[in-house]
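Participant: I need the structure of the sequence given here:
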Amino acid sequence: MNLTIVGAGAIGGTIGAYLARAGQTPRLVDKDEAHVEAMRERGLTIQGFAETFTAAVDACTARELTDPLDTVLLAVKSQHTVDALTQIAHLLTPDSTVVSFQNGLCERMIAETIGPERTVGSFVNFSADYLEPGLITYGGYGSLYLGELDGRTSDRVLALREVLSPWGTATITDNIWGYLWGKMGYGNMLFATALADETMADVIDRYRALMIELASEIYAVAAREGITIEPFDNVDPALYFPPENRRPDELAQSFDELVARRHRDQKSKSGVWRDLAGRHRKTAVDQQIGLAVEIGARYGLPMPLTRKLVEMIHELEDDRRTMSWSNIDELDALRIATYGEAPEYK
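Facilitator: Numbers count the residues shown, from 1 in each chain. The predicted structure follows:
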């Protein structure tokens, strides 16, 4: 398999380095010329939770690509999906495959752009962060699922699982959309943690009832889409949604485990927080939870918490709001006004 990784940041860079260290030859493509130059000169260093190593990698920018592309792992930010595809579209053949290694529902955009027959879905949930050119921190192992959009098992997905084995275990699923929507609910929680300059673990622990309702607004959309939502990594959507099935004791235990997992993770704050506080750039809020709001509106779902959260993230982006606990208190007050009081789940 001729593998090209477009987006050599947190996710793409981590996977690419592990494959390169194992003797594979993936090409790592990134728009950041300083990052590309650092990888060429010094290799790509992974500062990991279990080990630190540097791998020699084949790195370039998109404009340097000239040969037809076989299998592409697309690992750019959600908001850059179409732009990245546009840069490589002339190199895609009828037999090319693009696999989304991204947050959100990017598979929808990819399939609309290049066709569903050339699109494969993946669910990636591990902790990593781009620190500087040539250096990525890998904060904690997680899950990776691969699946065809129509649920069938294909030779290309089986082959990709084997290619990715130097990183870890990739599991094939016949319900990739169930995992993607499952993480979307969790993603709504993580966007909320970026409202304060605090760790993900501390915010999730302090506002458990709010986190449940944020995730549930997303899961309500998935239910209308006919999706069976899948559990992953101490997140069990069936405990959150539908609300009438909630069991406080089980939710409390689930949150205890999730908070403990986040405390163990070397990456204490979300990528959304880093975009806002560290890099001072736009987040992927519109392409992720904002997209869920758009889909939910088609079903008449109001999603008041998610709508408010999108608005608050935009205010942070535009410096019309500053990070603080008061932001989350404001969102939680809306939760109480909308959904009523709830147990603390502790």
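
Participant: any idea how far Ser96 is from Ala111?
Facilitator: If you measure Ala111 against Ser96 using CB to CB, to the nearest Å, the figure is 13 Å. For every residue, glycine as well, the C-beta is placed using N, CA and C.

Participant: cool, and Leu164?
Facilitator: Leu164 is 18 Å from Ser96, by CB to CB.

Participant: which one of those two has more residues nearby?
Facilitator: Between Leu164 and Ser96, counting by other CB atoms under 10 Å, Leu164 is the more crowded of the two (22 against 18).

Participant: isn't that one up against Thr14?
Facilitator: No: in this structure Leu164 lies outside contact range of Thr14 using CB atoms under 8 Å: 11.4 Å.

Participant: the helices in the chain, which residues?
Facilitator: Assigned helices in the chain, in chain order: 10-21, 33-42, 81-88, 106-114, 155-163, 176-193, 200-206, 208-224, 237-240, 248-264, 271-273, 289-298, 304-317, 325-339 (criterion: DSSP state H).

Participant: what would the ones you listed look like in CSV with distance to Leu65, mean neighbour count and mean pLDDT?
Facilitator: Output for these, formatted as CSV (distance: least, CB to CB, whole Å; neighbours: other CB atoms under 10 Å; pLDDT from 0 to 100):
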stretch, distance to Leu65, mean neighbour count, mean pLDDT
helix 10-21, 15, 26, 97
helix 33-42, 12, 16, 98
helix 81-88, 7, 18, 96
helix 106-114, 16, 20, 97
helix 155-163, 19, 15, 98
helix 176-193, 27, 25, 98
helix 200-206, 36, 20, 98
helix 208-224, 36, 23, 98
helix 237-240, 39, 20, 97
helix 248-264, 38, 16, 95
helix 271-273, 26, 23, 94
helix 289-298, 29, 19, 98
helix 304-317, 32, 19, 98
helix 325-339, 42, 16, 98
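
Participant: what's the closest of those helices to Arg281?
Facilitator: helix 304-317 (8.1 Å; CB to CB).

Participant: which other residues reach the closest one?
Facilitator: Helix 304-317 is contacted by residues 188, 191-192, 194-195, 210, 213-214, 217-218, 272, 276, 282-283, 285-286, 289-290, 292-293, 296, 321-323, 327, 330-331, 334-335, 338 when judged by CB atoms under 8 Å, 6 or more residues apart in numbering.

Participant: so it versus helix 176-193, what angle?
Facilitator: For helix 304-317 against helix 176-193, the angle by axes from the mean of the first three to the mean of the last three CA atoms, to 10 degrees is 60 degrees.

Participant: tell me the angle of helix 304-317 relative to helix 289-298?
Facilitator: 150 degrees.

Participant: the chain should start at 31 in everything you say after this.
Facilitator: Let's use 31 as the start, then, which means that last one is helix 334-347.

Participant: how far is stretch 108-122 from where the chain is centred?
Facilitator: 18 Å (CA atoms, centre = their mean, to the nearest Å).

Participant: other residues contacting it?
Facilitator: Contacts of stretch 108-122 with the rest of the structure, by CB under 8 Å, 6+ apart, involve 34, 36-37, 92-93, 95-99, 102, 104, 106, 128, 130, 132-134, 136, 139-140, 143-144, 148, 312, 314, 316-318.

Participant: just the buried ones from these?
Facilitator: Among those, those classed as buried by neighbour count (16 or more other CB atoms under 10 Å) are 34, 36-37, 92, 95, 99, 102, 104, 106, 128, 130, 132-134, 136, 139-140, 144, 148, 314, 316-318.

Participant: out of those residues, list just those in strands.
Facilitator: With DSSP state E as the criterion, strands contain 34, 36, 99, 102, 104, 128, 130 from among these.

Participant: just send these back as TSV, with pLDDT and distance to Ser173 too.
Facilitator: Converted to TSV, those look like this (pLDDT from 0 to 100; distance: CB to CB, whole Å):
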residue	pLDDT	distance to Ser173
Thr34	98	23
Val36	98	22
Leu99	98	27
Val102	98	22
Leu104	98	19
Val128	98	21
Ser130	98	15
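
Participant: farthest-apart pair in these, please.
Facilitator: Comparing all pairs in these by CB to CB, the longest separation belongs to Leu99 and Ser130, at 14.9 Å.

Participant: state the pLDDT value of the residue nearest the centre of the chain.
Facilitator: What sits nearest the mean C-alpha location of the chain, by CA atoms, centre = their mean, is Asn133, with 2.7 Å. pLDDT for Asn133: 95.

Participant: residues contacting it?
Facilitator: If you count contacts by CB under 8 Å, 6+ apart, then Asn133 has 108, 154, 213, 217, 314, 318 around it.

Participant: distance of it relative to Ile76?
Facilitator: Counting by CB to CB - Asn133 and Ile76 are separated by 20 Å.

Participant: swap in Thr111?
Facilitator: 25 Å.

Participant: same question, Val112
Facilitator: 29 Å.

Participant: just Asp60 next, same as before
Facilitator: Computed as CB to CB, the Asp60 to Ile76 distance reads 15 Å.

Participant: rewinding a little: out of the helices of the chain, flag the one nearest Ile166.
Facilitator: Among the helices of the chain, if distance is taken as CB to CB, the winner is helix 40-51, at 4.7 Å.

Participant: what does the closest one contact?
Facilitator: By CB under 8 Å, 6+ apart, helix 40-51 touches 33, 35-36, 38, 56, 58, 74-76, 83, 85-88, 103, 105-106, 131-132, 154, 156, 158-160, 166, 168, 193-194, 196-198, 301.
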